[in-house]
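Q: Everything below, folded, please.
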Amino acid sequence: MKNIIFLSIAILISCVAQTQQSEYNLSKGEIADGYDVVSYFEGVPTKGKKEFTATLDKVKFRFSSQENLDTFLENPNQYIPQYGGYCAYAVAVNNSKVSINPKAYEIRDGKLYLFYKNIAVNTLQKWQDESPAALQKKADQNWKSLKKK
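A: Residues are numbered from 1 along each chain as shown. Below you'll find the predicted structure:
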């Protein structure tokens, strides 16, 4: 009986951890492809370093300096990318989770939005050309159900 209870608890903990992680874009192992989320707010997205790492919701965040790590730890919710770090435009328009280019971003209303960008497609430009406020509202709605998938 004890083994069954222990196994049930272990499975439940594993499911909760997987659910939390599925809410984040971890295509390269860390949020924002390993970029320092605080650096976006400084206007210069910078790749994080292994020695400056924090874990939140079992997700790794890397930082370019101890100062940025400390800043993040003071108020992590201020720096976590919207929609788990997935492309904001794809969440809004396609109701889907799409990876990002960590250099394609926007700070809007004090929040970090990341976007997909390659030679042929620039979803940040599409976001800005269309109605960012309307897209943001639609993405907020879509994310409520999408983050659970």
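Q: give me the number of residues near D140?
A: Number of residues near D140 (other C-beta atoms under 10 Å) recorded here: 14. Bear in mind the C-beta positions are built from the backbone N, C-alpha and C, glycine included.
Q: so for the helix or strand it falls within, what's the average pLDDT?
A: Using DSSP states H and E, D140 falls within helix 132-146. In this model, helix 132-146 has a mean pLDDT of 96.
Q: Alpha carbons of that helix, in CSV - could you do that?
A: In CSV, the C-alpha atoms belonging to helix 132-146 read as follows (Å, rounded to 0.1, in the frame of the first residue of the first chain):
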residue,chain,number,x,y,z
PRO,A,132,-0.4,45.5,-31.3
ALA,A,133,-3.1,46.3,-28.7
ALA,A,134,-5.6,44.1,-30.4
LEU,A,135,-3.0,41.3,-31.0
GLN,A,136,-2.0,41.5,-27.4
LYS,A,137,-5.6,41.1,-26.2
LYS,A,138,-6.1,38.1,-28.6
ALA,A,139,-2.8,36.5,-27.4
ASP,A,140,-3.8,37.0,-23.8
GLN,A,141,-7.1,35.1,-24.5
ASN,A,142,-5.4,32.4,-26.5
TRP,A,143,-2.7,31.8,-23.9
LYS,A,144,-5.2,30.8,-21.2
SER,A,145,-5.9,27.6,-23.0
LEU,A,146,-2.7,27.2,-25.1
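Q: Give me the contact list for that helix.
A: For helix 132-146, the external contacting residues (C-beta atoms under 8 Å, 6 or more residues apart in numbering) are 82-84, 88-89, 91-93, 95-97, 106, 108, 113, 127.
Q: ok, 6 Å please
A: Residues outside helix 132-146 that contact it (C-beta atoms under 6 Å, 6 or more residues apart in numbering) are 83, 88, 91-92, 95, 127.
Q: Can you flag the buried ones in those?
A: Neighbour counting by 16 or more other C-beta atoms under 10 Å classes 83, 88, 91-92, 127 among the contacts of helix 132-146 as buried.
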